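A.B. asks: Fold the following, please.
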Amino acid sequence: EAFLKTIASADAPPVANWQKAGAIVIGRTNTPAFSSRWTTDNAVRGRTHNPWSRAHVPGGSSGGAAAAVAAGMGPLAHGNDYAGSIRYPAYCCGVAGIRPSFGRVPAWNPSAPAERPPTAQLMSVQGPLARRVRDLRIGLAAMAARDARDPWWVPAPLEGPPPKTPIRVALVPTPAGQEVDPEVAQAVREAGRALADAGYAIEEIAPPPIMEVGALAFRLVAQDMRMFSMQQVRDLADPEGRRSIEWFVEAAAPMNEKDYAAGIAERAHHQRAWLAFLEATPLVVLPVSGRLPFAHGFDIQSIDGLRQAHNAQSTLIAFNLLGLPGVSVPLGTVAHAQAPRGLPVGVQVVASRFREDLALTAAEAIEARYPMVTPIDPAA
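C.D. replies: From the prediction side, this is the model:
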């Protein structure tokens, strides 16, 4: 409630860029406190429901954006992705979303009293959500226009040179060290078949480490929270949001100054390994999350439960630390006892830095085989 009357002093770059391109902004969507949960609930606006199932989360932090797009409130929504906050809501609500490369879309919060902590500057990006991949292209192109207020923005072309064909794709249904629901692994394999039929060269091979990168990302983000935001969280967050954030931080081992500096330095080692891998194999298809969309309350029941969620979400946050683009694309729904209409399932398509074009084209090939029936009337 402390931020209820906060009014931005100026439009943020993604909003300004969309308006310059002719977009009409019709409203703001819901987020959790401090945008720091994989669900969307707060003491002011309440819970955002997943349009497919009221028993399951719509994802977070851009859960309101994903639910609004899935329900047909608008063709595009803006999201922010620090640890999966575009791709996970898209996955949960059965829509498409893209986490662009670090530096692709300019960002700045005119209302922020201070600069963001290091991990937020290096890992957080802005991107669009949409019901169709073609609309992601349109939204991303408009959103990525230059804005001098972001020193990290890069004037990279939206289309790169044609890769050698057939384009090689690493299929990773069960990343080493991740617990993966059978339906999720099956979706990855189905996506591989769709790409093979579209002319891609598919191979189930292990990419560079993912879970190790995810674990490092969790520790770095948690340490930034300890140093920069926990007092404000304790003072201002709603009780459930406070508990979730406190457990998120507690679940990651503390870092001293040397550990933190070494962790930031280690980022370059992992980036180098991934960029080299993507030179020969330009695309990777893997889970968005290792689990089907979580039931409500998954992150506030126990700290051990939250640690299990960290395992599931490592295929999200790892690519934030790596700075690579990832597209979340749905593949329809799977049967679930608590969701009479079924639960959405999807995959993540990852490409090299500033090769969103390759990831989007592959996502379109998957979408063509498994079209999603949205917009939908929200489940009662």
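
A.B. asks: tell me what the helix or strand bottoming out on mean pLDDT in the chain is packed against?
C.D. replies: The helix or strand of the chain with the poorest confidence is helix 230-236; it has a mean of 94 (mean pLDDT, DSSP states H and E). The helices and strands touching helix 230-236, judged by 3 or more CB pairs under 8 Å, 6 or more residues apart in numbering; DSSP states H and E, are helix 239-250. From N, CA and C alone the C-beta is placed, and that goes for glycine too.

A.B. asks: Could you list the buried residues of the helix it packs on?
C.D. replies: Glu240, Gly241, Arg242, Arg243, Ser244, Ile245, Glu246, Trp247, Phe248, Val249 (16 or more other CB atoms under 10 Å).

A.B. asks: swap in stretch 135-151?
C.D. replies: So, applying 16+ other CB under 10 Å, buried residues of stretch 135-151: Asp135, Leu136, Arg137, Ile138, Gly139, Leu140, Ala142, Met143, Ala144, Ala145, Asp147, Asp150.

A.B. asks: With stretch 59-79 instead?
C.D. replies: 59-71, 74-79.

A.B. asks: re earlier: is it possible to export the buried residues of stretch 135-151 to CSV including distance to Arg47?
C.D. replies: Shown next, in CSV, are the buried residues of stretch 135-151 (distance: CB to CB, whole Å):
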residue, distance to Arg47
Asp135, 27
Leu136, 27
Arg137, 32
Ile138, 31
Gly139, 26
Leu140, 29
Ala142, 31
Met143, 28
Ala144, 32
Ala145, 35
Asp147, 34
Asp150, 33
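
A.B. asks: nearest to Arg353, of these?
C.D. replies: Ala144 (13.9 Å; CB to CB).

A.B. asks: Pull the contacting residues for Val184.
C.D. replies: Val184 makes contacts with Pro173, Pro287, Ser289, Gly290, Arg291, Leu292, Val345, as judged by CB atoms under 8 Å, 6 or more residues apart in numbering.

A.B. asks: just how off-centre is the host helix or strand of it within its chain?
C.D. replies: In this assignment (DSSP states H and E), Val184 forms part of helix 182-197. How far helix 182-197 lies from its chain's middle: 20 Å, per CA atoms, centre = their mean, to the nearest Å.

A.B. asks: Equivalent analysis for stretch 83-91, please.
C.D. replies: 3 Å.

A.B. asks: Now Gln338. Nearest residue, chain neighbours left out?
C.D. replies: Excluding the flanking residues, the one nearest Gln338 by CB to CB, 6 or more residues apart in numbering is Ala55, at 4.4 Å.

A.B. asks: Show the model's pLDDT score for the nearest residue to Ser289 once chain neighbours are set aside.
C.D. replies: Distances taken as CB to CB, 6+ apart place Ala312 nearest to Ser289, at 4.9 Å, with adjacent residues excluded. Note for Ala312: predicted pLDDT of 98.
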